[in-house]
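1. Below are the sequence and a predicted model; questions follow.
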Amino acid sequence: MNLNEFYEVATKQLSSMEEDERYTLIRFLVADRLSVNANELDLKSDIALPAEMIDILRTDLQKLQSGMPLQYVTNIAWFAGEAYYVDESVLIPRPETEELVYLIKEEVELRSDSNVLDICCGSGCILISLAKLFKLNQVYGCDISLDALAVAKKNATINAVNLNLFWTDVLEDGFENNSEIKYDLIVSNPPYITSVEGQSMTDSVLNFEPHLALFAPDDDPIRFYRKIALFAKQHLNPGGSLWFEVNKLYGVEVERLLRGLGFAETMAQEDMSGNLRFVSGFQPF
């Protein structure tokens, strides 16, 4: 079977999808499996596919038919120009989270020996990207999911980043005091979706992405931010900064929280779509 013949098979098998969505999905699937640039891939090519690759691609199509996101099918998610391993124990990285990384790069100065912590680190993509952008000697990450920590460890190895990982429950009593290290930057993209918002989410998200990393308590949607901000007040060095990705509905409230706790230069900023998505503040000197 050549590439063009596979494309015809895949088109029929995914016929329930919109044409543009289907074409994009097939193109990126083949590109990931063949380790080529999707932008340079011609699905109409007569290039022959190895028999073992055809078997893999047929299985991939069955998974895509079930609604599984492409990133979980191939175990590859692209973030800040790099490929990361992902599975159903971690969220699929979003473009707005990439924006957070680049925003930090623009606004913060870090040394190679700076201590950086990602709370609710998931796949580790934020932390590893920051480590590479700032050429950090080592970074720290924590999460409540042992499976997520295993994914982060795998990504750190792939990217040759010295990542120190530990388990923690942000919501447990005493979390705020649970560190002997002082940090120069703390970042977090914690669970922030309410159950009401979840009702409008796509099946591919609800059926495959980990609810533990998606949903915040309905009775207190910014509980994670409050606990993390209290931790940061005790464990940031003077001049250190705290950065959040937030639910657009609660950005103003989270920024107000940081001001109330005594953070300086607090700011709520929009993402490229115009949603209030990022909140930050600095530990006073």
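-> Here it is on my side, so go on.

2. all contacts plus neighbour counts: C-alpha atoms, from now on.
-> Noted.

3. residues in contact with the longest strand along the chain?
-> Counting by DSSP state E, the longest strand found in the chain is strand 236-245. With CA atoms under 8 Å, 6 or more residues apart in numbering as the test, strand 236-245 has contacts from 97, 100, 104, 182-190, 225, 229, 232, 277-285.

4. Can you show me the strands along the stretch 151-285 of the chain?
-> Under the criterion DSSP state E, counting those that start in this stretch, the stretch 151-285 of the chain carries strands at the ranges 163-167, 183-188, 236-245, 264-270, 276-282.

5. now the angle between strand 276-282 and the second one, please.
-> This points to strand 183-188. Computed by axes from the mean of the first three to the mean of the last three CA atoms, to 10 degrees, the angle separating strand 183-188 from strand 276-282 equals 160 degrees.

6. mind starting the numbering at 99 from now?
-> Taking 99 as the first residue, the last one we looked at is strand 281-286.

7. Dump strand 281-286 to PDB, restricted to CA.
-> Output for strand 281-286, consisting of C-alpha atoms alone and laid out as PDB, is shown next (Å, rounded to 0.1, in the frame of the first residue of the first chain):
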ATOM      1  CA  TYR A 281      12.200  29.200  44.600                       C
ATOM      2  CA  ASP A 282      12.800  32.100  42.200                       C
ATOM      3  CA  LEU A 283       9.700  31.200  40.100                       C
ATOM      4  CA  ILE A 284       6.600  29.100  40.700                       C
ATOM      5  CA  VAL A 285       4.300  28.300  37.800                       C
ATOM      6  CA  SER A 286       1.000  26.300  37.800                       C
END
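
8. Which other helices and strands does it contact?
-> The criterion is 3 or more CA pairs under 8 Å, 6 or more residues apart in numbering; DSSP states H and E, and the helices and strands that strand 281-286 contacts are strand 214-217, strand 334-343.

9. Could you rerun that using 10 Å?
-> Of the remaining helices and strands, those touching strand 281-286 by 3 or more CA pairs under 10 Å, 6 or more residues apart in numbering; DSSP states H and E are helix 193-205, strand 214-217, helix 223-232, strand 237-241, helix 321-333, strand 334-343, strand 374-380.

10. ok but residue 176 is inside a helix, no?
-> No - read with DSSP: H, G, I helix; E, B strand; the rest coil, residue 176 is strand and lies in no helix.

11. just the angle between the longest strand of the chain and helix 321-333, please?
-> Going by the same axes, to 10 degrees, strand 334-343 is angled at 160 degrees with respect to helix 321-333.

12. could the strands of the stretch 249-383 of the chain go into CSV alongside distance to residue 119, mean neighbour count and mean pLDDT?
-> As requested, the strands of the stretch 249-383 of the chain are arranged in CSV below (distance: least, CA to CA, whole Å; neighbours: other CA atoms under 10 Å; pLDDT from 0 to 100):
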stretch, distance to residue 119, mean neighbour count, mean pLDDT
strand 261-265, 36, 17, 97
strand 281-286, 31, 24, 98
strand 334-343, 28, 22, 98
strand 362-368, 27, 17, 97
strand 374-380, 26, 23, 98
